[in-house]
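In: Fold the following, please.
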Amino acid sequence: MKVFYTNYATDKGIDSENAIEIDTQSVVDIFLDLVDSEDSFLGLVDENNNVIQFSNEENQWLLDIPNPPNFKNMQAYLKDTECLNLIVEILNKNKIKTNMKLYEVNIMEETLSEVLERKG
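Out: Sure thing, here's the model as predicted:
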């Protein structure tokens with residue numbers, strides 16, 4: 001499993017094009033450094049080049065599974081602990097997969113918040 005991230009508070013990161021293999025504890029440490037850094041993000045890439053990203057938004061994390069080229073991504077909001085547990089689970093299984101409820105979001109036209117408001 002490869003990782004990429006950007007920490008805007010420390011101006012550190014690894015570009016997605018240059019994602020690197022690192023151990024689970026290092027990924028956990030990176031995530032914990034991002035908890036207090038709004039707009040920072042962490043992404044994982046599995047051996048099949050599937051990607052999952054976690055973006056730190058206001059008091060929550062946006063889970064995003066990109067679906068190029070149509071930009072209909074699968075998304076959900078998570079709390080810190082849910083996010084961390086999912087990251088560890090993905091790393092342990094070495095596969096990007098989750099059974100949690102995700103919502104399809106056409107990211108070129110709407111946000112997850114708008115999709116959730118519409119679903120009521």
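In: longest helix of this protein?
Out: The longest helix of the chain (DSSP state H) is helix 80-93.
In: Give me the average confidence score over it.
Out: The average pLDDT for helix 80-93 rounds to 95.
In: So what touches it?
Out: By Cβ atoms under 8 Å, 6 or more residues apart in numbering, the surrounding residues in contact with helix 80-93 are 1, 24, 27-28, 31-32, 35, 42, 44, 46, 52, 54, 61, 63, 78, 96-98, 100. Heads up, the C-betas are built off the backbone N, CA and C, glycines and all.
In: Same question for stretch 56-69.
Out: By Cβ under 8 Å, 6+ apart, stretch 56-69 touches 34-35, 37-41, 50-55, 73-80, 82-83, 86, 96, 98, 100, 102, 112.
In: Bridged to G13, which residues?
Out: Counting by DSSP bridges, G13 forms beta bridges with T6.
In: Can you read off the pLDDT for it?
Out: 97.
In: burial count for it?
Out: If you count neighbours by other Cβ atoms under 10 Å, G13 ends up with 17.
In: swap in A9?
Out: 13.
In: which residues does it contact?
Out: Taking Cβ under 8 Å, 6+ apart as the test, what A9 contacts is D36, S37, S40.
In: repeat that for 7 Å
Out: Residues in contact with A9 (Cβ atoms under 7 Å, 6 or more residues apart in numbering) are S37, S40.
In: Can you pull the phi/psi pair for it?
Out: phi -70, psi -40 (degrees, to the nearest 10).
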